[in-house]
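[1] what follows is a predicted protein model with its sequence.
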Amino acid sequence: MFDFDYFVRVIPKVMGGLSVTLQLTVVSTVFALLIGILVAMVGSYRVKVLYPITRAFVSFMRGTPAVAQLYFFYFGLAIYSTAIRNMTPIIACSFVLSLNVGAFMSESIRAALMSVDEGQREAAASLGFSKGQTFWRIVVPQAVRVAIPPLFNDMINLIKLSSLSFMIGVPDIMGQAKIEGASTFRYFEIYAAAMLVYWGVIELFGAASRRLQHTCEQAY
């Protein structure tokens, strides 16, 4: 039978891993965004040599499971790399999630850049704008508004993907749930509490996304 009292009591215990989950999410998001911008720029301007490399990177990261990437990096490559063997689990997971989500963000950013009408670029050139001025003054403001919703979706997916980190020993929300389950075996209530916490966090990020999108629409 579902023990509601225990369910209520276990929520704070599961939330003990929330700070780790948020730390993992924030760090991974920052680096994923940097990777996404770099890859998107290479893709948009088809930089020689780098373009096929970035397309292969995006295809590989989007086409393989995140858990396989995490295990390959943390357990596979660690055989040949002392640096990886010496990494803490949270750093290793942040690195893999940054690469994984960065590939998805790059496509969101590239689509936003391509959404700007080519005629606006030509009009800017006819007015004497340099390519740099056109990019920063014409393309970026419009692309940002288009990119915000998919980028927040990628960030929400990153929050959910961060739950894989418990598999290599990170004491995040799922890690705390696993520790509690090992002592009480009340898995139904424990994982229901974990899902509730994730749901609350994702709803907050969703509300922030809608607020930011509304602000951008008013600004432009």
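    Great, that's in hand. Residues are numbered from 1 along each chain as shown.

[2] what residues are up against the spatially closest residue to A92 that is not a sequence neighbour?
    Among residues not flanking A92 along the chain, Y74 sits closest, at 4.8 Å (CB to CB, 6 or more residues apart in numbering). The way it works is simple: take the backbone N, C-alpha and C, and place the C-beta from them, glycine included. Shown in contact with Y74 (CB atoms under 8 Å, 6 or more residues apart in numbering): I84, M87, P89, A92, C93, V96, I168.

[3] SS state for Y74?
    helix (DSSP: H, G, I helix; E, B strand; the rest coil).

[4] how much space between it and A182?
    As judged by CB to CB, to the nearest Å, Y74 and A182 stand 22 Å apart.

[5] helices or strands next to the helix ranked longest in the chain in the packing?
    Counting by DSSP state H, the longest helix found in the chain is helix 187-219. Other helices and strands packing on helix 187-219, by 3 or more CB pairs under 8 Å, 6 or more residues apart in numbering; DSSP states H and E, are helix 4-14, helix 18-45, helix 140-161, helix 173-184.

[6] one more pass at 7 Å, please.
    With contacts taken as 3 or more CB pairs under 7 Å, 6 or more residues apart in numbering; DSSP states H and E, helix 187-219 sits against helix 4-14, helix 140-161, helix 173-184.

[7] how far does the shortest one sit from the chain's center?
    I take that to be helix 4-14. 28 Å (CA atoms, centre = their mean, to the nearest Å).

[8] also stretch 32-50?
    For stretch 32-50, the distance to the chain centre is 17 Å (CA atoms, centre = their mean).

[9] so what touches that stretch?
    Stretch 32-50 is contacted by residues 51, 54, 57-58, 98-99, 101-102, 105-106, 109-110, 113-114, 158 when judged by CB atoms under 7 Å, 6 or more residues apart in numbering.

[10] and those residues, which is closest to V26?
    L158 (9.8 Å; CB to CB).

[11] so where is the protein shaky, pLDDT-wise?
    The chain contains residues with pLDDT under 70 at 216-217, 219-220.

[12] how close does the closest residue to V201 other than its chain neighbours get to D172?
    Counting by CB to CB, 6+ apart, V201 lies nearest to I159, which is 6.3 Å off, once chain neighbours are set aside. I159 is 10 Å from D172, where distance means CB to CB.

[13] which one of those two is surrounded by more residues?
    D172 (28 against 20; other CB atoms under 10 Å).

[14] which residues touch that one?
    Counting by CB under 7 Å, 6+ apart, D172 makes contact with G17, V20, T21, L24, S162, S163, S165, F166.
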